[in-house]
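*Asks:* Structure for this input, please:
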Amino acid sequence: MRLPVCLSRIISIPGIVSAILVGLILVSGCSSPPADGGVKPEPPGILVQYQRTGGIAGFNDQMVVFENGQGVYSRNSGSGTFTLADTSLNELEDILETADFPSLAPDYPAENPGADYFLYVITYQGTTITTETGGIPPELIPVIGRLDALLGEYS
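*Replies:* Prediction:
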């Protein structure tokens, strides 16, 4: 049986071989057992999530620090990863623990509205606190200061 000319140009021996090779490459990783016996490592837990938005420059900063000291951030200027030294991680853990998140209210708005205020959202141990410039409770001042410093240091 002869193929029409238009199909014979599309379906050729090199074309068929190429299609088979691409197919084999795509499925080749699917049949190999994982090197570690099939056990998937658990992802690290999240220590703290931090978001800072607003300000005169229109900041939109987000950062997550994991319990193992790894961190990721995203800012208007770019994104990246970092690793905290053990001493820095311990310091951050102490500051977060001292703030006593479970005892705090979920929202701390500014007493007076302002156009260029920062809005902060911090989640620690399942508790999320939202606050803004002019309404930050004293317990969160060291937390926000440290998280802002980490953003500045690693981004």
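*Asks:* Glu132 reaches Asp107, doesn't it?
*Replies:* No: using CB atoms under 8 Å, Glu132 makes no contact with Asp107, being 9.3 Å away. The C-beta positions use only the backbone N, C-alpha and C, and glycine is treated the same way.
*Asks:* neighbour-wise, which of the two wins?
*Replies:* Of the pair Glu132 and Asp107, Glu132 is the one with more neighbours under other CB atoms under 10 Å, namely 19 against 11.
*Asks:* Could you pull up phi and psi at that one?
*Replies:* Per-residue torsions, Glu132: phi -150, psi 160 (degrees, to the nearest 10).
*Asks:* for this protein, what spans make up the strands?
*Replies:* Along the chain, counting by DSSP state E, strands occupy 46-54, 59-66, 70-75, 78-83, 107-108, 118-124, 127-132.
*Asks:* got those strands as a markdown table, with distance to Asp148 columns?
*Replies:* A markdown table is the format used below for the strands of the chain (distance: least, CB to CB, whole Å):
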| stretch | distance to Asp148 |
| --- | --- |
| strand 46-54 | 7 |
| strand 59-66 | 9 |
| strand 70-75 | 12 |
| strand 78-83 | 14 |
| strand 107-108 | 17 |
| strand 118-124 | 9 |
| strand 127-132 | 13 |
